[in-house]
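Peer 1: Okay, predicted coordinates and the sequence, questions at the end:
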Amino acid sequence: MLLGVKPYMDEDYYVAFNVGGQDVGLDPHGHSQGMTGPVGYWHVGDIKKSLKLLLTAGAQAQQEVKDVGGGKLIASVKDADGNVIGLIQLP
């Protein structure tokens, strides 16, 4: 349990909690994808367009657009300072 809340998704590849309206996802294989700490995910209306804008601005692709279930899409980039920025598009 995270902060007294049971996960609403508990799979080998991902565990997700909703704590006070905030989704918190844990990826047990995050290090193999270059994640070295928490990643904040920004909600966007068009993930492919947002990803392209970040890459054009000089970010490096960390994780290409990926459907993580139910049409929820995620992607991430690394900025010039090495910070990972996550993007999420809800169905």
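Peer 2: Thanks, I have the structure now. These numbers come from a predicted model, not from an experiment.
Peer 1: Identify each buried residue in the helix-or-strand element of the chain with minimal mean pLDDT, please.
Peer 2: Using mean pLDDT, DSSP states H and E, the weakest-scoring helix or strand in the chain turns out to be strand 22-26, at a mean of 80. By 16 or more other Cβ atoms under 10 Å, the buried positions in strand 22-26 come out as Gly25. For the C-beta atoms, the positions are set from N, CA and C on the backbone; glycine is no exception.
Peer 1: partners of whichever helix or strand comes after that strand in the sheet?
Peer 2: Remark: after strand 22-26, the chain's next helix or strand is strand 41-43, criterion DSSP states H and E. Using DSSP bridges, the strands paired with strand 41-43 are strand 84-89 (parallel).
Peer 1: Give the other helices and strands that the least confident helix or strand of the chain contacts.
Peer 2: When contacts are defined as 3 or more Cβ pairs under 8 Å, 6 or more residues apart in numbering; DSSP states H and E, strand 22-26 sits against strand 14-19.
Peer 1: Show residues contacting the least confident helix or strand of the chain.
Peer 2: Leu2, Tyr14, Val15, Ala16, Phe17, Asn18 (Cβ atoms under 8 Å, 6 or more residues apart in numbering).
Peer 1: Where does confidence bottom out across the residues you listed?
Peer 2: In terms of pLDDT, the lowest of the contacts of strand 22-26 is Leu2, showing 60.
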